[in-house]
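Peer 1: Just a sequence and a predicted model for now, questions to come.
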There are 2 protein chains.
Amino acid sequence: MKAQPLTYTSISMQHRPISVLIVDDHPMVVEGLKTLLSDNHTLMVKTHFTNGKDTLDFLEKEIVDVILLDVNLPDINGVEMVKLILDKRATIKILGLSTYSEPSIINQMIKNGVKGYLLKNATSDELVNAITQVDQGNFYFGSEVQKILADSVSQESKDSPKLTRRETHILRLIADGKTTNTIAEELFISPLTVETHRRNLMQKMEVSNAASLIKIAVEKKLI
Amino acid sequence: MKAQPLTYTSISMQHRPISVLIVDDHPMVVEGLKTLLSDNHTLMVKTHFTNGKDTLDFLEKEIVDVILLDVNLPDINGVEMVKLILDKRATIKILGLSTYSEPSIINQMIKNGVKGYLLKNATSDELVNAITQVDQGNFYFGSEVQKILADSVSQESKDSPKLTRRETHILRLIADGKTTNTIAEELFISPLTVETHRRNLMQKMEVSNAASLIKIAVEKKLI
DNA sequence: TTCAATATACTGGAAAACCAGTAGAAAAAA
DNA sequence: TTTTTTCTACTGGTTTTCCAGTATATTGAA
């Protein structure tokens, strides 16, 4: 926000447009966002960046109300970006933006403090609404995103019986095709211990052989 | 094409702008494309559609020079769309458009007849260049896409020792966590036969246990 | 500090997978 | 048709996994 004259008009909400920063490495998306937002004079796209570093540099000197943040930047990943931005400027409202919707990433982003999340197939109305909502301190998650999150929560609590760190590690090694003895050697523990972990893993995952174990591990992206 | 004198053809080209159709379900991408292309008066974006069906209906009555086709449409998948479009209008040049780049899909699209492929992080210049090239009957694949394709080719010929149909089937069953005996019962063959297949599979895949076998199968998307 | 969870380790026995070689029948390719 | 590939099946033996208990040391939370 540049120094605006302190007149009574600039105090009222309508005359103080929400400043928006776009961070996305896809020119066509950036242009699209600009075009979609240009109609609306309650919003003002300040500028845009195509990578994380430039964005952070910019935020050293300037501030904006809302950042539209693409999750897949070329240099810094979205989850990390949220943290870095909020470390600098805790009051900025970040709106995550992504084509696809991976629950785990969305969840991490929320944990790190995004105020909303939009899929790139959002309409112009949704977009403007989302920005307005988060600017006012509310959360905005589109119905699609909410559904995805709900699904992931129910799925997680259902088939993810919380593996311990050691178990996760051993699962990874099993999936690498290593035998019980190899794993034991590698971890400096008894093969019998590895056996026990394997057994506990299978019990937790509710399967009866290593094959299923690996398949599930892959599905759950534990590997 | 570079530095050509103003001949009759180059003048006539200018008076017949390339008509472009955009097919993408992301409003912000559509707007971005329109904006990026609006500067260039050798191109003319005729209209846009957000799904496959509407596009095909439109092509019943009208024709365009180039279609910018998003691979991930909500109703019909990109690979199929290429075929359907070319069945109707064989002369249309299709330019595939996608955020991510899965070699198998790009390959299939090419097989079905796309004239080029662009990633969504393409710049305005690349975009215009790609459209111009394919309109002239040339192919256009960005350097990134070419690299992806080259990688996938070398990878495929390296670690894909052509499984037979039966082997693929049995691999799938093994990955489902089924035991040799179960598989044998299911396929009405001897467990010994299943053993043999399993052995051949492991030999072909150059691994020494079922775990690695499954991991490879997953990686190769055989499952 | 106490208690619960986790990681460690063992016994012993059953089941399944793994290895190597051979070979006939059926199907596909030449 | 002939040849090759694929699918089928077997013998015999080794290794690994799987299952059901038990048990102790360590770690982290209450």
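Peer 2: The structure has been received and is ready for your questions.
Peer 1: can you confirm residue A:20 is in a strand?
Peer 2: Yes - the assignment for residue A:20 by DSSP: H, G, I helix; E, B strand; the rest coil puts it in a strand.
Peer 1: Just the pLDDT for it.
Peer 2: At residue A:20, the pLDDT value in this model is 96.
Peer 1: For it, grab the count of nearby residues.
Peer 2: Applying other CB atoms under 10 Å in any protein chain shown, we find 23 residues neighbouring residue A:20. From N, CA and C alone the C-beta is placed, and that goes for glycine too.
Peer 1: Does it touch residue A:64 like I think?
Peer 2: Yes - using CB atoms under 8 Å, residue A:20 is in contact with residue A:64, at 6.5 Å.
Peer 1: Now list whatever residues contact both of those two.
Peer 2: Counting by CB atoms under 8 Å, 6 or more residues apart in numbering or on different chains, the residues touching both residue A:20 and residue A:64 are residue A:46.
Peer 1: where does chain A have low pLDDT?
Peer 2: Along chain A, segments meeting pLDDT under 70 span A:1-15, A:101, A:151-162, A:220-223.
Peer 1: domains of it?
Peer 2: Here the domain assignment for chain A is A:8-155, A:160-219, based on automatic domain parsing.
Peer 1: so which of those gets nearest residue B:79?
Peer 2: domain A:8-155 (18.0 Å; CB to CB).
Peer 1: is the closest one anywhere near chain B?
Peer 2: Yes - Domain A:8-155 lies within reach of chain B by CB under 8 Å from any CB of the partner chain, at A:25-36, A:72, A:99-100, A:120-124, A:127.
Peer 1: In ChimeraX, how would I select the buried members of these?
Peer 2: To isolate the buried members of the residues of domain A:8-155 next to chain B in ChimeraX, using 16 or more other CB atoms under 10 Å in any protein chain shown:
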select /A:25,26,27,28,29,30,31,32,33,34,35,36,72,99,120,121,122,124,127
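Peer 1: So which of the residues of domain A:8-155 next to chain B are in helices?
Peer 2: A:27-36, A:124, A:127 (DSSP state H).
Peer 1: Just the closest of those to residue A:204, please.
Peer 2: residue A:29 (41.6 Å).
Peer 1: which residues in chain A form helices?
Peer 2: A:8-11, A:27-38, A:52-61, A:78-88, A:103-112, A:124-135, A:143-159, A:165-175, A:180-187, A:191-205, A:210-219.
Peer 1: Now distance to DNA strand C too, for those, in CSV please.
Peer 2: Output for the helices of chain A, formatted as CSV (distance: least, CB to the nearest atom of the strand, whole Å):
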stretch, distance to DNA strand C
helix A:8-11, 55
helix A:27-38, 43
helix A:52-61, 34
helix A:78-88, 25
helix A:103-112, 20
helix A:124-135, 37
helix A:143-159, 16
helix A:165-175, 3
helix A:180-187, 6
helix A:191-205, 4
helix A:210-219, 7
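Peer 1: Relative to residue B:138, which of these is closest?
Peer 2: Per CB to CB, nearest to residue B:138 of the helices of chain A: helix A:27-38, 21.7 Å.
Peer 1: Distance across stretch A:64-80, terminal residue to terminal residue?
Peer 2: 19 Å (CA to CA, to the nearest Å).
Peer 1: Can you list the neighbours in contact with that stretch?
Peer 2: A:1, A:18-26, A:29, A:33, A:46, A:50-53, A:55, A:81-82, A:84-85, A:92-98, A:105, A:108-109, A:112, A:114, A:118, A:131, A:134-135, B:99.
Peer 1: Any quick ChimeraX command for the buried ones out of the residues you listed?
Peer 2: If you want just the buried ones from the contacts of stretch A:64-80 in ChimeraX, going by 16+ other CB under 10 Å, the selection is:
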select /A:18,19,20,21,22,23,24,25,26,29,33,46,50,51,52,55,81,82,84,85,92,93,94,95,96,97,98,105,108,109,112,114,118,131,134,135 /B:99
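Peer 1: thinking again about what came up before, let me know which of the helices of chain A is tucked in deepest.
Peer 2: Highest mean neighbour count of those: helix A:27-38, a mean of 23 (counted as mean count of other CB atoms under 10 Å in any protein chain shown).
Peer 1: Compute the number of surrounding residues for the nearest residue to residue A:24 once chain neighbours are set aside.
Peer 2: Excluding the flanking residues, the one nearest residue A:24 by CB to CB, 6 or more residues apart in numbering or on different chains is residue A:70, at 3.9 Å. Residues within reach of residue A:70, counting by other CB under 10 Å, total 25.
Peer 1: mind checking how far residue A:70 is from residue A:78?
Peer 2: 7 Å (CB to CB, to the nearest Å).
Peer 1: bridging residues for residue A:116?
Peer 2: residue A:95, residue A:140 (DSSP bridges).
Peer 1: could you list every residue that touches it?
Peer 2: Residue A:116 neighbours (CB under 8 Å, 6+ apart): A:93-96, A:130, A:133-134, A:139-141.
Peer 1: Likewise for residue A:145?
Peer 2: Going by CB under 8 Å, 6+ apart, the list of residues near residue A:145 reads A:101, A:106, A:117-119.
Peer 1: Relative to residue B:182, which of the residues you listed is nearest.
Peer 2: Closest to residue B:182, out of all of the contacts of residue A:145 and judged by CB to CB, is residue A:101, at 36.1 Å.
Peer 1: Cool, thanks, talk later.
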